[in-house]
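Asks: following is a predicted model, sequence given first.
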Amino acid sequence: MRGVAEITALVKEAAAEAGFDLAGVAPVRAFSELEHFSEWIAAGRAGEMKYMEARDEAGHLKRASMRSAAPWARSVVVCAINYNTAEAYSTEVQDPERGWISRYAWSREDYHEAVMRRLRVVEGKLLNACRQRGQDAPATAGGTPALQTRCYVDTGPIVERVYAKYAGIGWIGKNTCILNQKLGSWLFLGVILTSLELEPDLPAPDRCGSCTRCIDACPTDALIAPYQLDSNKCISYLTIEKRGVISEEMREGMGRQVFGCDICQDVCPWNRKAPATTAPEFQPREGLVNPALAWLAEMKAEEFGTKFRGSPLRRTKLSGLRRNAVIAMGNSGDQRFREPLRKLSEDEDALVAEHARWAARKLNS
Ligand code: SF4
Ligand code: SF4
């Protein structure tokens, strides 16, 4: 039977072979960050993201512990893959006719699928190695297999970045993103929960030091303190998760961000030398880097359906994307948008029309 160290090494080797840039193991514990997550939810910082607040039958937040979703889990294998590309950062592009879609959403293939495919390869090798060595013992009296695994990419009841920290992938920066000393923060994470007690890694040390660039650069003051994000103020939340009307007081700060926001990552010194990925799936789709605002604002359902098939942009739906684009037109200061905004103010989509009227007033002011 293989030792814990040997199986752990095999998992990391399998992750590298599957194309992951980093892999580590975190133990399952009641980490203090998970307690902070509960406090963050209680303070209403998750906005309308009700899925974050899902609770088990005993009333515990599902994301704050494995006790209900995977009580058998003893270790979490965290795999990370770089999605940075050679394109400029949002803070480097100035054309007022164009907006910004968050870097993670440019990819040709949906990252959930691209990461899950690799994760399944790692999981398969882990299971095979254990079976061959007799570690997949017969089912327990309760019928539960002795060796269990489960994979998640962004959709599980788990706060991935906390486990990423304890798996040594990186530290949680003051901008609340996972940061790796060599790769920066452009990382997709995938996790494999397992009932195996693998050899845990050490958490990565916090290297933010006295830097506050992300906090200073955030246009909406969403980083209310180091390591604390108020989603209600965050442009990523407003442009992707917020349904319906965006309050007028938040619109100006959104600038020309139309889907997500990269500003607090773009200014981070650890991203200055972040290498570009070679993964073909994460190369940008045509037109998504610094996209033309008028194109997005006037987009029809058919084009939205074909252009964004298998893309994270579908999450905001056509109406939400057009809403965001007209806000950006209002913030652009570009008088060439006057006429398009006048027409959009009468759009059959009432949400788009209302935001276009605000944008037209903003341009005229
Ligand atoms: S994503 Fe944008 S709005 Fe949100 S915290 Fe970062 S800089 Fe601020
Ligand atoms: S910008 Fe500075 S404070 Fe913010 S995450 Fe990067 S290193 Fe940390």
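Replies: Received the coordinates, thanks. Residues are numbered from 1 along each chain as shown. Ligands and ions are numbered 1, 2, ... in the order given.

Asks: Thr316 is in contact with Phe304, correct?
Replies: No: if you go by CB atoms under 8 Å, Phe304 and Thr316 don't touch, sitting 10.1 Å apart. Glycine gets a C-beta too; all of them are placed from N, C-alpha and C.

Asks: among those two, which residue is more densely surrounded?
Replies: Thr316 (22 against 19; other CB atoms under 10 Å).

Asks: can you list the residues of the stretch 51-200 of the chain near ligand 2?
Replies: Applying CB under 6 Å from any ligand atom, we find that the stretch 51-200 of the chain lies next to ligand 2 at 173-175, 179.

Asks: show me what contacts the closest residue to ligand 2 within the stretch 251-365 of the chain?
Replies: With CB to the nearest ligand atom as the measure, Cys268 is the residue of the stretch 251-365 of the chain nearest to ligand 2, at 3.3 Å. Counting by CB atoms under 8 Å, 6 or more residues apart in numbering, Cys268 touches 173, 175, 177, 179, 184-185, 213-214.

Asks: could you do Ala70 as well?
Replies: Residues in contact with Ala70 (CB under 8 Å, 6+ apart) are 148, 150, 193.

Asks: from these, which ones fall inside strands?
Replies: 150, 193 (DSSP state E).

Asks: let me know the closest of the contacts of Ala70 to ligand 1.
Replies: Closest to ligand 1 out of those is Leu193 (28.0 Å), distances taken as CB to the nearest ligand atom.

Asks: need the residues of the stretch 51-200 of the chain next to ligand 2 in CSV (columns: pLDDT).
Replies: Converted to CSV, these look like this (pLDDT from 0 to 100):
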residue, pLDDT
Gly173, 97
Lys174, 98
Asn175, 97
Leu179, 98
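
Asks: which parts of the helix ranked longest in the chain are buried?
Replies: Ordering each helix of the chain by length in residues (DSSP state H) puts helix 111-132 first. Buried residues in helix 111-132, counted by 16 or more other CB atoms under 10 Å: 111-112, 114-116, 118-119, 121-123, 125-127, 129-130.

Asks: repeat for stretch 321-341
Replies: 321-332, 334, 337, 340-341.

Asks: and for stretch 171-191?
Replies: By neighbour count with 16+ other CB under 10 Å, stretch 171-191 contains the buried residues 171-180, 183-191.

Asks: contact residues of the stretch 151-300 of the chain facing ligand 1?
Replies: Neighbours of ligand 1 within the stretch 151-300 of the chain, by CB under 6 Å from any ligand atom: 175, 218, 220, 222-223, 229, 234-236, 261, 263-264.

Asks: possible to save those as a markdown table with secondary structure and distance to Ser102?
Replies: Converted to a markdown table, those look like this (DSSP: H, G, I helix; E, B strand; the rest coil; distance: CB to CB, whole Å):
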| residue | secondary structure | distance to Ser102 |
| --- | --- | --- |
| Asn175 | coil | 13 |
| Cys218 | coil | 14 |
| Thr220 | coil | 15 |
| Ala222 | coil | 14 |
| Leu223 | strand | 16 |
| Leu229 | strand | 15 |
| Cys234 | coil | 12 |
| Ile235 | helix | 9 |
| Ser236 | helix | 7 |
| Cys261 | coil | 6 |
| Ile263 | helix | 10 |
| Cys264 | helix | 11 |
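
Asks: just the buried members of those?
Replies: For these, a burial check counting by 16+ other CB under 10 Å picks out 175, 218, 220, 222-223, 229, 234-236, 261, 263-264.
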